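A.B. asks: test case, fold it:
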Amino acid sequence: MPAHQQNRGAEFVTLLAKALQKAGWHIEQQPVSADGGADIMARQGKKIYVFELKASSEARKDRAIPLISQAILEAQRVAAHLSGRAIPVAVLASAHVSDSLAEDVKDFALRNAPDVGVGVIDTGGFRRFTGHGLEVLNADRSHVIETRRKEVSPGNLFSDLNQWMLKILLSQSIPDSLLSAPRGHYENASQLAEAAGVSTMSGFRLGRQLSEEGFLEERGGLRLVRTEELLEQWLRASHYRVQETPARWILSGEKNSFYPALRSYESRRISRLSDPKSVGRVPPRLCLGLFAAAEVLGFKFVHGIQPHLYIERIDQEALRELGLSLETAGREADVFVRVPKYPEAVFRAAVERDGVPTSDILQVWLDVSNHPARGKAQANLLRKRVFSQVLDKAHA
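C.D. replies: Prediction:
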């Protein structure tokens, strides 16, 4: 077992031991055993219980049942070594265990090992035990923790890397010419995290958040459900104050060479990144955004709006390469420059059209929807012509 899983299991053992002691149980010193004995041996009155605990990083039935099965077998084996005096108890632990999963674990144990006590615990204080008088340990989830979960979850659901992974999950229904993302079938959160190039824990957190919000179906692989509600919630979360910097062309004729300059810049940036001998300044990522991106992607709707440029950070040298200057920018702008609040979600999903880096269609929809210059009309067009495919597939 990996070290982080061992540590997590030890944390849950400590959590369970404290719950037992708080309930008036006595933690017993275990006899020396070649196989290490039980995770916890406890006494309540004249009864001795041996607890075997298995921790799961994902609170799903397909993960929980094999783990509780293993815990049942190990608890029975340890109890048998104690001359049959001890009562075996199998416990499943995870960060958040739903009521339905607790019932699934209970039903499985009653059908397959009715002589074994069984229970589930989570970090929120939720405990559900059954058999051999263990029901006295049952506790509901802390109201404070549950309230905090509801308050925090919607905001965290649309963090930078979460938005990137959501784009991956939605990409099956969006052409690769409109959104750049690894496309595949993901059985679990770890596979999604690997494809996204993020930590496994980031994948687990997103999976848990989506499940808690009711947006994820995990049977047969990860699949988003209630997609229309998810998109609406995502849209609301994207309505924050955006800071954009006006820029002007250094020369009056630069406007006509803007796209060729973007193409040339991106080509040099990629070449520099792929050159192992390259040292020094790393050019910032950039891409077209909003209405200019919509036009390049083939969804021109609003006319006469200055182009928006996303750039990873304000870099005067990079802007000069594009023929732009911030110093001369006054109240009127030739180009609006934005540093994205969520750079990974923007730049990892960006596509190239004729060598010009361009925001993906989901990002365009999020960005234009609240724009005062007919942004809602542009967003409605995209929803009708592009996202209807996503919604139809979700309802199928």
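
A.B. asks: what residues sit buried inside the helix or strand hosting Asp62?
C.D. replies: Counting by DSSP states H and E, the element that carries Asp62 is helix 61-81. Neighbour counts over helix 61-81 (16 or more other CB atoms under 10 Å) mark 63-65, 67-69, 71-72, 74-76, 78-79, 81 as buried. Heads up, the C-betas are built off the backbone N, CA and C, glycines and all.

A.B. asks: direction included, what does the very next helix or strand once past that helix pair against?
C.D. replies: Next helix or strand after helix 61-81 toward the C-terminus (DSSP H and E): strand 86-94. Applying DSSP bridges, strand 86-94 is found paired with strand 47-55 (parallel), strand 117-122 (parallel).

A.B. asks: run a quick neighbour tally on Ala318.
C.D. replies: 19 (other CB atoms under 10 Å).

A.B. asks: please read the previous query as pertaining to Asp140.
C.D. replies: Neighbourhood size, Asp140 [other CB under 10 Å]: 12.

A.B. asks: let's see the pLDDT reported for it.
C.D. replies: Looking at Asp140, its pLDDT is 86.

A.B. asks: for Arg223, phi and psi?
C.D. replies: Backbone torsions of Arg223, given as degrees, to the nearest 10, read phi -150, psi 130.

A.B. asks: export the buried residues of helix 61-81 to JSON lines and tack on pLDDT and distance to Gln363?
C.D. replies: Shown next, in JSON lines, are the buried residues of helix 61-81 (pLDDT from 0 to 100; distance: CB to CB, whole Å):
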{"residue": "Arg63", "pLDDT": "86", "distance to Gln363": "33"}
{"residue": "Ala64", "pLDDT": "90", "distance to Gln363": "37"}
{"residue": "Ile65", "pLDDT": "92", "distance to Gln363": "40"}
{"residue": "Leu67", "pLDDT": "94", "distance to Gln363": "39"}
{"residue": "Ile68", "pLDDT": "94", "distance to Gln363": "42"}
{"residue": "Ser69", "pLDDT": "95", "distance to Gln363": "45"}
{"residue": "Ala71", "pLDDT": "94", "distance to Gln363": "45"}
{"residue": "Ile72", "pLDDT": "95", "distance to Gln363": "49"}
{"residue": "Glu74", "pLDDT": "93", "distance to Gln363": "49"}
{"residue": "Ala75", "pLDDT": "92", "distance to Gln363": "51"}
{"residue": "Gln76", "pLDDT": "92", "distance to Gln363": "54"}
{"residue": "Val78", "pLDDT": "89", "distance to Gln363": "55"}
{"residue": "Ala79", "pLDDT": "89", "distance to Gln363": "57"}
{"residue": "His81", "pLDDT": "84", "distance to Gln363": "60"}
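
A.B. asks: follow-up on the earlier one: closest one to Lys106 among the strands paired with strand 86-94?
C.D. replies: strand 117-122 (6.2 Å; CB to CB).

A.B. asks: the closest one versus helix 61-81: what angle between them?
C.D. replies: For strand 117-122 against helix 61-81, the angle between stretch directions is 130 degrees (axes from the mean of the first three to the mean of the last three CA atoms, to 10 degrees).

A.B. asks: what's the helix holding Asp62 packed up against?
C.D. replies: Judged by 3 or more CB pairs under 8 Å, 6 or more residues apart in numbering; DSSP states H and E, the packing partners of helix 61-81 are strand 47-55, strand 86-94, helix 99-112.

A.B. asks: the strand or helix carrying Leu235: which residues count as buried?
C.D. replies: Per DSSP H and E, Leu235 falls inside helix 227-237. For helix 227-237, a neighbour-count test (16+ other CB under 10 Å) marks 227, 230-231, 233-235 as buried.

A.B. asks: for the next helix or strand after it, packing partners?
C.D. replies: Downstream of helix 227-237, the next assigned helix or strand under DSSP H and E is strand 244-249. Secondary structure elements in contact with strand 244-249, counted by 3+ CB pairs under 8 Å, 6+ apart, are strand 324-325, strand 335-338.

A.B. asks: okay, now the unreliable bits of the stretch 51-200 of the chain?
C.D. replies: Where the stretch 51-200 of the chain drops to pLDDT under 70, the residues are 83-84, 142-155.

A.B. asks: and with 50 instead?
C.D. replies: For the stretch 51-200 of the chain, the stretches with pLDDT under 50 are 143-155.

A.B. asks: for stretch 306-316, which positions count as buried?
C.D. replies: So stretch 306-316, judged by 16+ other CB under 10 Å, has buried residues 306-312.

A.B. asks: ah, wrong one, I meant stretch 245-253
C.D. replies: In stretch 245-253, counting by 16+ other CB under 10 Å, buried: 245-250.

A.B. asks: pick out whichever of the residues you listed sits closest to Gln29.
C.D. replies: Distance to Gln29 across the buried residues of stretch 245-253 (CB to CB) is lowest for Thr245, with 67.6 Å.

A.B. asks: counting neighbours, what do you get for the residue nearest to the closest one when sequence neighbours are not counted?
C.D. replies: Nearest residue to Thr245, sequence neighbours excluded (CB to CB, 6 or more residues apart in numbering): Val337, at 4.6 Å. Residues within reach of Val337, counting by other CB under 10 Å, total 23.
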